[in-house]
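In: Below are the sequence and a predicted model; questions follow.
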Amino acid sequence: MSESHVKLAPSILAADFTRLGEEVAEVEKFAAASGVDRLHIDVMDGMFVPNISFGMPILKSLAKVTRLPLETHLMIEAPERYLEEFVASGATSLLVHAEGARHLHRTVQRIKSLGVKAGVVLNPATSLNVLEEILGDVDIVLLMTVNPGFGGQKFIRSMLPKIQRLRMMIHETNLGCELEVDGGVDPQTAADCVSAGADVLVAGSAVFGTHDGIEKALGRLAAAIKH
């Protein structure tokens, strides 16, 4: 994957929620220069993952203040229960975990019928084999490079060969789906993910949790990708 085509997806999970609108506006201001083409929205239910984050009200609020697409990552049990509500709230893509969607093909087809992009997410220990019968139907495959549920975790370096294998699968089947990586992405790990074949990098703490602000944080990530 050409580095010039790699995109960044800031995760608002790490944002300051007392200033969420301002921080999103700042990301949008520097989006073109840094390769940001979407926001990543982590929805957690306290069941599929051991944490609770936020849901439709936050998504509705974001849709009112940003033109960036709202990629919504459903870390929830039985995500098919809420697909329509998330789309109605402003989601432009819905990503569901293979581990949490009992009827994955049906769920993916339902997402696509709602007019948004469909993605499948795999946890670190989940084999790529589960994608064999669904890869041709999805727009995005997201590989977790940490165990889902919390921001700020350390990147699992043993996931790099998995990224490489998925890139080969996508190439061999001549499919156009994006290969996205989520977890522990920072200026040190971003370049490794891109070298392994990632198209899109989700970054939370490396964007919103820095000491010198969002503009410089995005600049560091963009520079790391290009090196």
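Out: Structure received. Just so it is clear, the structure is predicted and the values come from calculations on it, not from any experiment. Numbers count the residues shown, from 1 in each chain.

In: helices and strands around the helix or strand in which residue 216 is found, which ones?
Out: Using DSSP states H and E, residue 216 sits in helix 214-226. With contacts taken as 3 or more Cβ pairs under 8 Å, 6 or more residues apart in numbering; DSSP states H and E, helix 214-226 sits against strand 7-10, helix 20-29, helix 31-34, helix 187-196, strand 200-203, helix 205-208. C-beta here means a position set from N, CA and C on the backbone, and glycine is covered the same way.

In: got the ones you listed as CSV, with distance to residue 143 and mean pLDDT columns?
Out: Shown next, in CSV, are the helices and strands packed on helix 214-226 (distance: least, Cβ to Cβ, whole Å; pLDDT from 0 to 100):
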stretch, distance to residue 143, mean pLDDT
strand 7-10, 13, 98
helix 20-29, 23, 97
helix 31-34, 22, 96
helix 187-196, 9, 96
strand 200-203, 10, 98
helix 205-208, 17, 96
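
In: ok, back up a step: run the angle between the helix holding residue 216 and helix 20-29 for me.
Out: Counting by axes from the mean of the first three to the mean of the last three Cα atoms, to 10 degrees, helix 214-226 points 40 degrees away from the direction of helix 20-29.

In: returning to what we had before: most packed of the helices and strands packed on helix 214-226?
Out: Mean neighbour count (mean count of other Cβ atoms under 10 Å) peaks for strand 200-203 among the helices and strands packed on helix 214-226, with a mean of 26.

In: any residues touching it, and which ones?
Out: 6-11, 38, 40, 140, 142, 178-183, 185-186, 190, 193-194, 221, 225 (Cβ atoms under 8 Å, 6 or more residues apart in numbering).

In: what stretches of the chain score poorly on pLDDT?
Out: 1-4, 227 (pLDDT under 70).
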